[in-house]
Structure formats: C-alpha cells, structure tokens
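A.B. asks: Sequence plus the predicted model coming up.
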Amino acid sequence: MLDNSTCGFTSPKEDFEIISGSSQSSSLRTENYSRFDKVLIIGLGQLGLPVAKYVKDKGFDVYGYDISQKAIQRAEKIASIKKADNFSEFDVYIICISTHRPDDMFTPQIDGLFSIVQEKIAKEAKNGALVSIESTIPRGTSKKVFEMLNHRLHVAHIPHRWYALEEKEHGVNQLRVVGGVCDCCLKAAVQFYGQFNGNNNINSDNGNGNGNHSILMRDGDIGITTPSTIDNSAAVAMDDAITNTSFAPANASSPSPTTGKNNIIVNYTPNLGIPLHPVSDVEIAEITKIAENAHRYLQIAFAEDIYLYCQANSINFPELREALNTKWNVEILEPRDGIGGHCLPKDTKMFLQSSKSVSTRSRILKASMEVDEEYKRYRLSRASQTANIQTSRRTGRTAY
C-alpha cells in the first residue's frame, strides 16, 4: 500500500489544523497550496463537455483536449473552451475519456486512458500538478497511473455521477466520492473540488449510520474523524470558521484573511464548490462507481424477472408492481425495453472483472445478465408476433 513516503515531491502545504491555545480559545489555521488556476479537460464528450463548462463557469482558466476535432470545435462553440496545444503548465488535469472498446461500447477498456497518461501527461506535465480521474475505471487504475507518472503528480479519483436526462438535479455539482493515491493527493483533490458544509463536514460517513464526519488535515496526515474526537471548543471554532468562509473564483483577487470569533483566521481558496465524501483508499472510490451501476443493473434485472414471472403465470404485472411499491422499503422499477445504454452493462462487467479471484465474482450479477437477455428475447418475440398479426390483418391472411 502506498504512503506519503512514495511521493517524489514535497507534499503541498494545504492544512486545516485546529490549534488550541493555553487560554482554551481555538483557531483554524489554513496554509494554502499553490493556486489551481489553469485546468485541462481531457475528453470533451458527453461527460467532459459539461465538466469543462462547469469548471469555466467557476472562474478557472479552462482548456480542452480530444482526439476528435469535432468535439473540440463543439466545446469552443458551446462553452468557449480553448484548445490545448500541449500538456505543459497546467495545474489540474481532469480525465473524462471513454473507458469502453471503440468497437464495442458494452465492453470495458482503459487503453486510451493509459495512452494519454503515458504519452502526454507523463512527458509534459509539471511536478506537483493534480490528475483527477472522473472516468469510470476498474480497481487499481489510479495507482497504476501514479506509477506511470513516476510519483511526480497528485493522482485522485472522483468518479462522476452525471446523468444526462436529469442534468439539473444530477449534473457535475452533486455529492461525489473522492479518494487519493496518497494523503497529499487526497488533500489536493479536496482543495480543488471540495465544498465545506455549514456543519464543517465534507459529507463523510463511515457506513455505520453515524454522519457528521469531518475531514481534518494536518502537516503529516489526513484523518476522517467524528465530532467526538474533537474537543468542544475546537469543534465550535471549526463551525464558526467554515460558516463564514466563501470561495472566490480563481481569476478573482483573493480577499484578505478574515478573523472570526475565537480568533479564527480564515483564508479563501478557490475551488469548484462540489460536496465531497472522502474515503481512505482510492480503490474504494474506484469500486464505488462500478458497484453503483452494478446495483442499478440488478434492480432493473429483478423487475424484468418479475415481469417474465407474471407473463408465465397470467398475472397483471403493472398491478402487482403498484401493489409491491406501496411498501416503504420496496421499489420495483419499470423494466421497459430492458437494460439499455452502455454504462450499466459496461460498468457491471468492469465490476465483475475487478475481483482478483474468479470464484468470488458475483454470481447474482451473472444471473442478472442472463435474465436481461431472456427478457429482451421475450420482448423481441412479442414484437415480432404483434407485427405478424398486424400484417395479416392488412392482407387478410391468417398469422401462424
């Protein structure tokens, strides 16, 4: 497992540290990283273009790169994104490229991502820049990218949750998981992306139902802590400081530090204002996205399975579904035409392939794929029968 000692550069000085004086008063000290001003979005497709537009709207100096000249021209026209002539002198690289095979969108492949890292970022990027991977990737990818970059750059994974059909509610700015290869990578990602809530959280929960966790940064480490681990005066100081903090755009002049109650010094740091859920291991962040989509795949497949059951047993599926969904913890989806798009099939396969042991690969996911195929065959058969009947009616012939 990687630790800070593996980084080939000095950890940037972005620290959120509680300092308690002998008088029992507390202050929050902030020492800034180098500013993140110049950002390159790599991949300007369905995901990358909205990301580029959002980052630009936040005041950053945004450039774009894509192997498709049409994608670059579209980004220039729609969002005034400048074309990147090279990969040097950027503070942040946001990777938003597709991770499926060019000839088969249902099959995962990350060769293109590795090629960009090896041929462009590794050769041209400056030391200490942030590489943020928003593309959906299999477990272990971020650490491999870190190795390819010879430990010179910060590498973090902030998987996207962007949904095209509901971009307003589920666009770029929604609660996101963040993980870093090293502690300093996580710190850099949090500074660039993070939004502090009024209760001093970065939306962290350890999974046991206890919320209100905070991300606490110090010179040597980063900790995700519960309020019970922070003394009362320090917690109050943190609350007051973050409540009074606002983030200015990168191209705006930085306001002077503000002194709040309890002698709290608050420095202003430009960022994207995106709520974050930090995790302790970057592989957890990687698995999060593919497991989310695998879970959705299962939900739809179960609805398909119930539908097939109803057809085989002459039961009214819509009425059964409506009755089932009256229970508070049940939500049977509408199967419609089956599992469509490419993200759910691709990411479910990616999740299955991410397990090191073949024997531990999810049997229920494999079964759900079989159900989806059976459901689609049934729908196709019914559609064919309906078409034959309609043709027979028009021609006056009997359909067999």
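C.D. replies: Perfect, I can see it now.

A.B. asks: Find the nearest non-adjacent residue to residue 80, please.
C.D. replies: Nearest residue to residue 80 in three dimensions, chain neighbours excluded: residue 56, at 7.2 Å (Cβ to Cβ, 6 or more residues apart in numbering). C-beta here means a position set from N, CA and C on the backbone, and glycine is covered the same way.

A.B. asks: quick one: what helix or strand has that neighbour in it?
C.D. replies: In the assignment (DSSP states H and E), residue 56 maps to helix 48-57.

A.B. asks: got the CA coordinates for that helix in CSV?
C.D. replies: Output of helix 48-57 as CSV, limited to C-alpha atoms (Å, rounded to 0.1, in the frame of the first residue of the first chain):
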residue,chain,number,x,y,z
GLY,A,48,-16.2,16.1,-20.5
LEU,A,49,-18.1,19.0,-22.1
PRO,A,50,-20.4,19.6,-19.1
VAL,A,51,-17.4,19.3,-16.8
ALA,A,52,-15.4,21.9,-18.9
LYS,A,53,-18.3,24.3,-18.9
TYR,A,54,-18.9,23.9,-15.1
VAL,A,55,-15.2,24.5,-14.3
LYS,A,56,-15.0,27.5,-16.6
ASP,A,57,-18.2,29.0,-15.0
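
A.B. asks: quick one: contacts of it?
C.D. replies: 39, 41-42, 44, 62, 64, 66, 71, 74-75, 78-81, 94, 96-97, 134, 160, 162, 167, 171-173, 272 (Cβ atoms under 8 Å, 6 or more residues apart in numbering).

A.B. asks: For ChimeraX, write a command that selects the buried ones of these.
C.D. replies: Filtering the contacts of helix 48-57 down to the buried ones (16 or more other Cβ atoms under 10 Å) takes a single ChimeraX command:
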select :39,41,42,44,62,64,66,71,74,75,79,81,94,96,97,134,160,162,171,172,272
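
A.B. asks: In this structure residue 187 contacts residue 179, no?
C.D. replies: No. The pair residue 187 and residue 179 fails to qualify as a contact (Cβ atoms under 8 Å) at a distance of 12.0 Å.

A.B. asks: domain ranges for the protein?
C.D. replies: 13-280, 285-395 (automatic domain parsing).

A.B. asks: among the ones you listed, which is the most enclosed?
C.D. replies: domain 13-280 (a mean of 18; mean count of other Cβ atoms under 10 Å).

A.B. asks: what is the rounded mean pLDDT of that one?
C.D. replies: In this model, domain 13-280 has an average pLDDT of 74.

A.B. asks: so after the helix holding residue 56, what's the next helix or strand?
C.D. replies: Using DSSP H and E, the helix or strand that follows helix 48-57 in sequence is strand 61-65.

A.B. asks: Who are the packing partners of whichever helix or strand comes after that next one?
C.D. replies: Sequence order places helix 69-79 as the next helix or strand after strand 61-65, per DSSP H and E. Packing contacts for helix 69-79, counted by 3 or more Cβ pairs under 8 Å, 6 or more residues apart in numbering; DSSP states H and E, involve helix 48-57, strand 61-65, strand 82-83.

A.B. asks: need those in CSV with distance to residue 353, can you?
C.D. replies: Below are the helices and strands packed on helix 69-79 laid out as CSV (distance: least, Cβ to Cβ, whole Å):
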stretch, distance to residue 353
helix 48-57, 24
strand 61-65, 28
strand 82-83, 35
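
A.B. asks: Can you tell me which of these is nearest to residue 128?
C.D. replies: strand 61-65 (17.5 Å; Cβ to Cβ).

A.B. asks: Give the partner strands of that closest one in its sheet and their orientations.
C.D. replies: strand 38-42 (parallel), strand 82-83 (parallel) (DSSP bridges).

A.B. asks: Report the mean confidence score over the top helix by length along the chain.
C.D. replies: For the chain, the helix with the greatest residue count under DSSP state H is helix 363-395. Averaging pLDDT along helix 363-395 yields 85.

A.B. asks: what's residue 318 in contact with, if anything?
C.D. replies: Contacts of residue 318 (Cβ under 8 Å, 6+ apart): none.

A.B. asks: err, residue 374, not the other one
C.D. replies: 304, 308.

A.B. asks: Helices along the stretch 101-250 of the chain, start to end?
C.D. replies: 111-116, 122-124, 141-148, 183-193, 232-243 (DSSP state H, counting those that start in this stretch).

A.B. asks: Just put the ones you listed in a markdown table and tack on distance to residue 336.
C.D. replies: Listed next are these as a markdown table, based on distance: least, Cβ to Cβ, whole Å:
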| stretch | distance to residue 336 |
| --- | --- |
| helix 111-116 | 31 |
| helix 122-124 | 44 |
| helix 141-148 | 32 |
| helix 183-193 | 35 |
| helix 232-243 | 44 |
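
A.B. asks: between these, which gets nearest to residue 343?
C.D. replies: The nearest among those, by Cβ to Cβ, is helix 111-116 at 15.9 Å.

A.B. asks: Which of the helices or strands spans the residue nearest to residue 366 when sequence neighbours are not counted?
C.D. replies: Using Cβ to Cβ, 6+ apart and skipping residues adjacent in sequence, the residue nearest residue 366 is residue 352, 7.2 Å away. Per DSSP H and E, residue 352 falls inside helix 343-353.

A.B. asks: Nice, that's everything, thank you.
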